[in-house]
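Chemist: task: produce atomic coordinates for the following.
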Amino acid sequence: QVQLVESGGGLVQAGGSLRLSCVASGRIFSSYAMGWYRQAPGKEREFVAAIGWSGTTSYGVDSVKGRFTISRDNAKNTVYLQMDSLKPEDTAVYYCAAGSTLMVIRYNVDYWGQGTQVTVSS
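Modeler: Numbering: from 1, shown residues only. The predicted structure follows:
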């Protein structure tokens, strides 16, 4: 079992920044690919970004490329999502995810966090 706890969400004005954190406990953190999904009101949950155990990254949403950066600290069992130049359309609940590999986590998630709300005002 892996438990994931997100933090760092909140209300920010357009153009601002937030950094989300997700702390994992349980099984060996470094053996999992870690990622972030988001779900806006009335929309399906979508894959945002993922990072493999060695640091290789993958981004799923074209609109976040160049603005969002995913990273991980295996010594702290933590994955981060740095979000810059935020836009109102980034408003969503952001979920931390753990999956078996960098490719698989885009389609199949083994563990989910509880989610953290990000609201971007215009």
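
Chemist: the most centrally placed residue in the chain and residue 122: what is the separation?
Modeler: Geometric centre of the chain, nearest residue: residue 36, 2.3 Å, by Cα atoms, centre = their mean. As for residue 36, its distance to residue 122 is 23 Å (criterion: Cβ to Cβ, to the nearest Å). Any C-beta I mention is one placed from the backbone N, CA and C, and that applies to glycine too.

Chemist: any idea how far residue 3 is from residue 25?
Modeler: Counting by Cβ to Cβ, the gap from residue 3 to residue 25 is 5 Å.

Chemist: after the helix or strand that contains residue 3, which helix or strand is next? Please name it.
Modeler: Residue 3 belongs to strand 2-7 when assigned by DSSP states H and E. Next helix or strand after strand 2-7 toward the C-terminus (DSSP H and E): strand 10-13.

Chemist: ok, now which ones touch the residue nearest to the centre of the chain?
Modeler: 20, 22, 48, 49, 50, 70, 79, 81, 94, 95, 96, 97 (Cβ atoms under 8 Å, 6 or more residues apart in numbering).

Chemist: what's the first-to-last distance across stretch 60-77?
Modeler: Counting by Cα to Cα, to the nearest Å, you get 23 Å between the two ends of stretch 60-77.

Chemist: go over the secondary structure and confirm residue 63 is in a helix.
Modeler: Yes: residue state for residue 63 (DSSP: H, G, I helix; E, B strand; the rest coil) corresponds to a helix.

Chemist: tell me the contacts of it?
Modeler: By Cβ under 8 Å, 6+ apart, the neighbours of residue 63 are 87, 89.

Chemist: repeat that for 10 Å
Modeler: With contacts defined as Cβ atoms under 10 Å, 6 or more residues apart in numbering, residue 63 is in contact with 48, 87, 89, 90.

Chemist: can you pick the most crowded of those residues?
Modeler: For the contacts of residue 63, counting by other Cβ atoms under 10 Å, the largest number of neighbours falls to residue 48: 25 neighbours.

Chemist: tell me which element the nearest residue to it once chain neighbours are set aside is part of?
Modeler: Distances taken as Cβ to Cβ, 6 or more residues apart in numbering place residue 36 nearest to residue 48, at 4.5 Å, with adjacent residues excluded. For residue 36, the host element (DSSP H and E) is strand 33-39.
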